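J.: I'd like to go over a predicted model; first the sequence, then the structure.
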Amino acid sequence: MPTELLVLALGALLLLVHILLAAHFKTKQYGVEWNVGARDENVPALNDLAARLQRAQENFKETLPVAVIALLSVVITGKANDVTAIAAWTWLASRLIYLPLYWKGIPVVRTLVWGVSLVALLVILGVLMFG
(Lines give C-alpha, C1' and ligand atoms only; values in the text may rest on other atoms or scores of the structure.)
Protein backbone atom coordinates (compact mmCIF):
# COMPACT_ATOMS: atom_id res chain seq x y z
CA MET A 1 0.00 0.00 0.00
CA PRO A 2 1.39 3.44 -0.83
CA THR A 3 2.31 5.50 2.21
CA GLU A 4 -0.12 8.21 1.15
CA LEU A 5 -3.05 5.78 1.31
CA LEU A 6 -1.97 4.49 4.71
CA VAL A 7 -1.84 8.09 5.95
CA LEU A 8 -5.35 8.67 4.58
CA ALA A 9 -6.64 5.61 6.42
CA LEU A 10 -5.04 6.85 9.63
CA GLY A 11 -6.49 10.30 8.91
CA ALA A 12 -9.94 8.69 8.74
CA LEU A 13 -9.33 7.15 12.15
CA LEU A 14 -8.26 10.55 13.44
CA LEU A 15 -11.53 11.99 12.16
CA LEU A 16 -13.40 9.36 14.18
CA VAL A 17 -11.37 10.33 17.25
CA HIS A 18 -12.37 13.97 16.72
CA ILE A 19 -16.03 13.06 16.32
CA LEU A 20 -16.18 10.71 19.31
CA LEU A 21 -14.18 13.01 21.58
CA ALA A 22 -16.36 16.03 20.82
CA ALA A 23 -19.52 13.93 21.19
CA HIS A 24 -18.33 12.56 24.52
CA PHE A 25 -17.86 16.00 26.04
CA LYS A 26 -21.12 17.31 24.56
CA THR A 27 -22.94 14.32 26.02
CA LYS A 28 -21.19 14.86 29.33
CA GLN A 29 -22.59 18.41 29.35
CA TYR A 30 -26.05 17.85 27.87
CA GLY A 31 -26.79 14.28 29.01
CA VAL A 32 -27.44 10.92 27.42
CA GLU A 33 -31.08 11.76 26.64
CA TRP A 34 -29.88 14.64 24.50
CA ASN A 35 -27.39 12.41 22.71
CA VAL A 36 -29.89 9.68 21.83
CA GLY A 37 -32.74 12.11 21.20
CA ALA A 38 -33.67 14.25 18.22
CA ARG A 39 -31.61 17.17 19.59
CA ASP A 40 -34.37 19.63 18.67
CA GLU A 41 -34.39 21.41 22.02
CA ASN A 42 -32.49 24.58 22.71
CA VAL A 43 -29.40 23.91 24.78
CA PRO A 44 -27.01 26.27 26.50
CA ALA A 45 -23.72 27.11 24.84
CA LEU A 46 -21.07 24.46 25.11
CA ASN A 47 -18.63 24.78 27.96
CA ASP A 48 -15.10 25.84 27.03
CA LEU A 49 -13.68 22.33 26.73
CA ALA A 50 -16.53 20.91 24.64
CA ALA A 51 -16.50 24.02 22.45
CA ARG A 52 -12.76 23.71 21.81
CA LEU A 53 -13.14 20.07 20.83
CA GLN A 54 -16.04 20.96 18.54
CA ARG A 55 -13.93 23.68 16.87
CA ALA A 56 -10.98 21.29 16.51
CA GLN A 57 -13.30 18.77 14.85
CA GLU A 58 -14.67 21.39 12.47
CA ASN A 59 -11.15 22.52 11.60
CA PHE A 60 -10.12 18.97 10.79
CA LYS A 61 -13.25 18.43 8.70
CA GLU A 62 -12.45 21.62 6.74
CA THR A 63 -8.93 20.54 5.80
CA LEU A 64 -9.38 16.77 5.45
CA PRO A 65 -10.90 17.04 1.94
CA VAL A 66 -7.78 18.88 0.76
CA ALA A 67 -5.64 16.06 2.14
CA VAL A 68 -7.84 13.43 0.50
CA ILE A 69 -7.66 15.18 -2.88
CA ALA A 70 -3.92 15.77 -2.67
CA LEU A 71 -2.93 12.33 -1.41
CA LEU A 72 -5.25 10.35 -3.66
CA SER A 73 -4.24 12.43 -6.66
CA VAL A 74 -0.50 11.84 -6.25
CA VAL A 75 -1.13 8.11 -5.94
CA ILE A 76 -3.53 7.96 -8.91
CA THR A 77 -1.22 9.99 -11.16
CA GLY A 78 1.85 8.01 -10.17
CA LYS A 79 3.54 11.07 -8.68
CA ALA A 80 3.79 9.67 -5.16
CA ASN A 81 7.40 9.69 -4.05
CA ASP A 82 9.58 10.11 -0.98
CA VAL A 83 8.71 13.82 -0.78
CA THR A 84 4.95 13.19 -0.80
CA ALA A 85 5.37 10.36 1.73
CA ILE A 86 7.30 12.62 4.12
CA ALA A 87 4.79 15.42 3.59
CA ALA A 88 1.90 13.00 4.23
CA TRP A 89 3.42 11.85 7.53
CA THR A 90 4.15 15.47 8.43
CA TRP A 91 0.52 16.39 7.77
CA LEU A 92 -0.77 13.51 9.89
CA ALA A 93 1.71 14.10 12.73
CA SER A 94 0.89 17.79 12.89
CA ARG A 95 -2.83 17.05 12.91
CA LEU A 96 -2.28 14.55 15.74
CA ILE A 97 -0.36 17.18 17.70
CA TYR A 98 -2.95 19.85 16.92
CA LEU A 99 -5.81 18.05 18.67
CA PRO A 100 -4.37 18.00 22.22
CA LEU A 101 -3.08 21.55 21.77
CA TYR A 102 -6.60 22.73 20.93
CA TRP A 103 -8.05 20.50 23.67
CA LYS A 104 -5.84 22.21 26.26
CA GLY A 105 -6.50 25.68 24.82
CA ILE A 106 -2.87 26.38 23.96
CA PRO A 107 -2.74 29.35 21.57
CA VAL A 108 0.00 30.30 19.08
CA VAL A 109 1.74 26.90 19.13
CA ARG A 110 -1.53 25.34 18.00
CA THR A 111 -1.67 27.75 15.06
CA LEU A 112 1.97 27.09 14.17
CA VAL A 113 1.30 23.34 14.15
CA TRP A 114 -1.72 23.93 11.92
CA GLY A 115 0.59 25.92 9.63
CA VAL A 116 2.96 22.97 9.40
CA SER A 117 0.06 20.75 8.34
CA LEU A 118 -0.92 23.29 5.68
CA VAL A 119 2.63 23.52 4.32
CA ALA A 120 2.74 19.72 4.12
CA LEU A 121 -0.44 19.71 2.03
CA LEU A 122 0.95 22.47 -0.19
CA VAL A 123 4.09 20.41 -0.78
CA ILE A 124 1.96 17.45 -1.89
CA LEU A 125 -0.12 19.68 -4.16
CA GLY A 126 3.08 21.20 -5.54
CA VAL A 127 4.41 17.76 -6.45
CA LEU A 128 1.04 16.93 -8.01
CA MET A 129 0.93 20.05 -10.15
CA PHE A 130 4.59 20.71 -10.91
CA GLY A 131 6.54 17.57 -9.98
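T.: Nice, thanks for sending it over.
J.: What segments of this protein are helices?
T.: 3-30, 32-36, 48-76, 82-103, 109-130 (DSSP state H).
J.: centroid residue for this structure?
T.: Relative to the mean C-alpha position of the chain, the nearest C-alpha, by CA atoms, centre = their mean, is the one of residue 60, at 3.1 Å.
J.: Skipping adjacent residues, who's closest to residue 55 in space?
T.: The spatially closest residue to residue 55, leaving aside those adjacent along the chain, is residue 102, at 6.8 Å (CB to CB, 6 or more residues apart in numbering). Quick note: C-beta positions are derived from backbone N, CA and C, even for glycine.
J.: wait, that neighbour sits on residue 57?
T.: No - contact status for residue 102 versus residue 57: not in contact, 9.3 Å apart, counting by CB atoms under 8 Å.
J.: Not including adjacent chain positions, what is the nearest residue to the residue nearest to the centre of the chain?
T.: Of all residues not flanking residue 60 in the chain, residue 18 sits nearest, at 5.2 Å (CB to CB, 6+ apart).
J.: what sits against the one you found?
T.: With contacts taken as CB atoms under 8 Å, 6 or more residues apart in numbering, residue 18 has the following neighbours: 53, 56-57, 60-61, 99.
J.: roughly how far apart are it and residue 63?
T.: The gap separating residue 18 from residue 63 is 12 Å, by CB to CB, to the nearest Å.
J.: okay, the helices of the chain in TSV with mean pLDDT and distance to residue 42 next?
T.: Formatted as TSV, the entries for the helices of the chain read as follows, by pLDDT from 0 to 100; distance: least, CB to CB, whole Å:
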stretch	mean pLDDT	distance to residue 42
helix 3-30	98	11
helix 32-36	92	11
helix 48-76	98	16
helix 82-103	98	26
helix 109-130	98	30
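J.: Pick the most buried one from these.
T.: Stretch with highest mean neighbour count among those: helix 82-103 (a mean of 19; mean count of other CB atoms under 10 Å).
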